[in-house]
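**Q** sequence and predicted structure, then a few things I'm wondering about:
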Amino acid sequence: MRFPSRLCAALLAVIGLGCSLAASAAPQETGTALRQQERQRVNIYKAYFPDLATGRKAAVSFHGQLLESHYAQGYLVMELEGDEMAALQRFGFRFEPASEFIARREEFLRQIDAANAARQAANPQASEVGIESIPGFTCYETVEETFAAAQAFATSFPNLATWLDAGDSWEKTKGLGGYDMKVLKLTNSAVPGPKPRLFVTAAIHAREYTTAPLALEFARWLVNGYGTNADATWIMDHHEVHLLLQANPDGRKKAEAGLSWRKNTNTAYCGPTSNHRGADLNRNFTYNWNSTNGAGSSGAPCNDTYRGPSAGSEPEVQAFQAYARSIWPDQRGPALSDPAPVTLSGLHIDLHSYSELVLWPWGETTAPTGNGTALQTLGRRFAFFNNYTPMQSIGLYPTDGTSDDVSYGELGVAAYTFELGTSFFQSCTDYNNTIKPNNLPALIYAAKVVRTPYLTPAGPDVLNLALSNDASGAGVPPGTPVMLSASITDTRFNQSNGAEPVQAIASGEAYLDVPPWSPGAQAIALAPSDGAFNTSTESVSGTIDTGALSIGRHIVFVRGSDASGQFGPVSAAFLNVTSGPPAITLSLMATHRFLNSFWVDLAWSGAVGANVDVYRDSALIVTTPNDGAYRESRPRGTYRYKVCQAGSTTACSPEQTITF
């Protein structure tokens, strides 16, 4: 939903949005004049599509005109001119005025005007209701809050995070305030490279609220998970993640005041005070800029898809492109059909909203790229997590000058656009309950496969990895056999738009401390639990010998291959080796007499595994699940008992003697 600002919590009942007051000074542009411009935007329609596939394609081609999506109800809310309506009518669209949307917007604007009038009446010197945070949307950080969080990572974890200046926003280049174009680089600098690089970019379209917070949440998962989450740890050790968290910071500030702002704020286009001004940064990239001769972008400065006067004219795009070229070499030929090498390293994800789509090049033509099959495979993997529709990014019409034109078109790097959610100002409930939990795993998957994104996604995934003798994480003594179990599956594709081949699992293997791509890596073969690798999902197990391991924490890497011979991404778990036997405390009691025998109750506690061995007079009498208790009946006499971790002769409690 697109509204110029947010006022107070009471508006929730009026327009369905949470709200609050913000009392800091705001530029005149966020005041009465720009709200009046919003009121004049009344060419807003319910655009009913003839079928869902056509509706999703329209969401791609007419992204600049979208305001809401209602796929289940069969329509999109769009701001349309006459020629745009005529173009959609040729595909079977019909239109109704979006009167409910306009009424909600007007009520919101009226109440903001009333609040400002009351403030001015009480104090003629009072500033307007302004923006420091985003009222009513506490789940979304502002530009300043985003930058502060990134700086805090770099300050608190200098070996893991670097906060880099990649250029300037348009306003900063003109001395009008503005922002640095900042990139958060995440990797363990103590582990030498070179390392494969994932580049995630967000908020290039200012009004798309969910994108920058999701990228920042990904940063939190990596940094806060380092040392506690095995997957976050190995990703940070062996890969690099680069996050351009705010790709259009000037425009984002306009959107944080509630304006339906898409472009940058360049006053040279559409007038210096218009809220239609600026260039669409995602139509300004140099490779294939205006390659469709006006079909894929607009030459009209007031249009929301205005491509700018020349390729790469905007400073934000210049900074974006320069950074991409600095982290990846050019590995693709000049023709649209030229493939990048299948062994290429690197991956770019551009986060947008909305439309619930996973898109890959080309957007300029219906022809697939030279890497089309591999891009489709990875796209269907991503869409498994977020349950979006995976498709090539060509819609009803082409698009050109977009961000993947530099990453894939120029450099050959696998590139994707995630269209998050169903509206620009997505509610925090939707973001926290659906968008974040569904899309964060997709970003984690991207970080796992970035080493070979054209190969690895064709291989199976490793799930439910567990080390049974170290389930608590407290550790095992050297020499303790550790049982590994996992599930390997090749089924995790989104099959809603075509069918991805699913293979039988062919192998599973584990590695200790050295990942499989590094010199010196030694595989530990894992066996199928049912005796044969012959289905698309297999349970596997194996034993890890800890006899030669040093004291401390180790990491276990696990991967699987399918019948095509392709290995999938690694999943990992920590294995801790302790300096001595675990602290097992054993209690023995003779509870009561039964004829000529006594019931003997044993109870134990401490760092024991899933199973324990119970010994009497140095002889193993039973292996039992670790439920902390065991009972047996014995004649009168003196006996010696101890409890050990299953399979270990050293990880034991002290032997105790009981007489009865």
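**A** Sure, I can see it. Residues are numbered from 1 along each chain as shown.
**Q** enumerate every residue touching A629.
**A** For A629, the residues meeting the contact criterion (Cβ atoms under 8 Å, 6 or more residues apart in numbering) are 601-604. For the C-beta atoms, the positions are set from N, CA and C on the backbone; glycine is no exception.
**Q** torsion angles phi and psi at it?
**A** Geometry field for A629 lists phi and psi as phi -160, psi 150, criterion degrees, to the nearest 10.
**Q** what's across from it in the sheet?
**A** On DSSP bridges, the residues paired with A629 through beta bridges are A603.
**Q** roughly how far apart are it and F594?
**A** Spatial separation of A629 from F594 under the definition Cβ to Cβ, to the nearest Å is 18 Å.
**Q** swap in G74?
**A** In this view, G74 and F594 are 76 Å apart by Cβ to Cβ.
**Q** what do you get for A117?
**A** Taking Cβ to Cβ as the measure, A117 and F594 are separated by 89 Å.
**Q** over to N432?
**A** Using Cβ to Cβ, one obtains 59 Å as the distance from N432 to F594.
**Q** the two: which is more packed in?
**A** The residue with more neighbours, out of N432 and F594 and counting by other Cβ atoms under 10 Å, is N432; that gives 12 against 9.
**Q** and the next helix or strand past the lowest-mean-pLDDT helix or strand in the chain?
**A** Comparing helices and strands within the chain by mean pLDDT, DSSP states H and E singles out helix 12-15 as the least confident, with a mean of 30. Scanning forward in sequence from helix 12-15 by DSSP states H and E, the next helix or strand is helix 32-39.
**Q** gap between that following helix and the chain center?
**A** Here helix 32-39 is found 36 Å from its chain centre; the criterion is Cα atoms, centre = their mean, to the nearest Å.
**Q** same question, stretch 164-181
**A** Taking Cα atoms, centre = their mean, one finds the center of stretch 164-181 at 27 Å from the center of the full chain.
**Q** show me what counts as buried in that stretch.
**A** Judged by neighbour count using 16 or more other Cβ atoms under 10 Å, the buried positions of stretch 164-181 are 164, 166-172, 178-181.
**Q** take the residues you listed and keep only those in helices.
**A** Applying DSSP state H to these, the entries found in helices are 170-172.
**Q** so can I have a markdown table of the residues you listed showing pLDDT and distance to M483?
**A** Supplementary listing: these in a markdown table, determined by pLDDT from 0 to 100; distance: Cβ to Cβ, whole Å:
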| residue | pLDDT | distance to M483 |
| --- | --- | --- |
| W170 | 98 | 59 |
| E171 | 97 | 60 |
| K172 | 98 | 58 |
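**Q** closest to A572 among these?
**A** Nearest to A572, judged by Cβ to Cβ, of these is K172 at 41.6 Å.
**Q** now do the contacts for the closest residue to the closest one other than its chain neighbours.
**A** Nearest-residue entry for K172: G178, 3.1 Å, with adjacent residues in sequence omitted and distances by Cβ to Cβ, 6 or more residues apart in numbering. For G178, the residues meeting the contact criterion (Cβ under 8 Å, 6+ apart) are 168-172, 249-250.
**Q** give me that answer again for 7 Å
**A** Taking Cβ atoms under 7 Å, 6 or more residues apart in numbering as the contact definition, G178 lies against 168-172, 250.
**Q** what are the bridge partners for S487, then?
**A** L463, S539.
**Q** just give me the neighbour total for it.
**A** Applying other Cβ under 10 Å, I find that S487 has 19 neighbouring residues.
**Q** how much space separates the residue nearest to A548 when sequence neighbours are not counted from W360?
**A** Counting by Cβ to Cβ, 6+ apart, A548 lies nearest to P478, which is 7.9 Å off, once chain neighbours are set aside. Using Cβ to Cβ, one gets 48 Å for the distance from P478 to W360.
**Q** those two: who's more crowded?
**A** Under the criterion of other Cβ under 10 Å, the comparison of P478 against W360 puts W360 first, with 25 against 17.
**Q** F384 reaches T491, doesn't it?
**A** No - judged on Cβ atoms under 7 Å, F384 makes no contact with T491 at a distance of 8.9 Å.
**Q** out of those two, which sits in the busier spot?
**A** Summary of the neighbour comparison: F384 and T491, criterion other Cβ under 10 Å, with F384 having more neighbours (22 against 14).
**Q** report the buried residues of the helix or strand where that one lies.
**A** According to DSSP H and E, F384 maps onto helix 372-386. Going by neighbour count (16+ other Cβ under 10 Å), the buried part of helix 372-386 is 372, 374-386.
**Q** quick check: mean pLDDT of it?
**A** The predicted model assigns helix 372-386 a mean pLDDT of 98.
**Q** make 42 the first number, not 1, from now on.
**A** Fine by me, first position is 42 from now on; the one you just mentioned is helix 413-427.
**Q** give me the contact list for that helix.
**A** Outside of helix 413-427, the residues within contact range by Cβ under 7 Å, 6+ apart are 383, 399, 401, 410, 430-431, 455, 457, 479-480, 482-483, 486, 494-495, 498-499, 533-535, 541.
**Q** excluding its backbone neighbours, what's nearest P254?
**A** Leaving aside its chain neighbours, P254 sits nearest to Y181 (5.0 Å; criterion: Cβ to Cβ, 6+ apart).
**Q** residues touching the one you found, list them.
**A** Applying Cβ under 7 Å, 6+ apart to Y181 gives the contacts 175, 250, 254.
**Q** does S394 touch T458 like I think?
**A** No - under the criterion of Cβ under 7 Å, S394 lies out of contact with T458, with a separation of 10.5 Å.
**Q** could I get stretch 104-112 in CSV with only the CA atoms?
**A** Coordinates of the C-alpha atoms in stretch 104-112 are reproduced here as CSV (Å, rounded to 0.1, in the frame of the first residue of the first chain):
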residue,chain,number,x,y,z
HIS,A,104,6.4,-3.0,-12.4
GLY,A,105,6.6,0.8,-12.3
GLN,A,106,2.8,1.0,-12.4
LEU,A,107,2.1,-1.6,-9.7
LEU,A,108,0.6,-0.6,-6.4
GLU,A,109,-0.9,-3.8,-5.0
SER,A,110,-1.3,-7.4,-6.2
HIS,A,111,-4.5,-9.4,-5.5
TYR,A,112,-3.8,-12.6,-7.4
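**Q** so what touches that stretch?
**A** Here stretch 104-112 makes contact (Cβ under 7 Å, 6+ apart) with 42-43, 85, 93, 96, 100, 117-121, 125, 142, 303, 321, 345-346, 395-396, 463-464.
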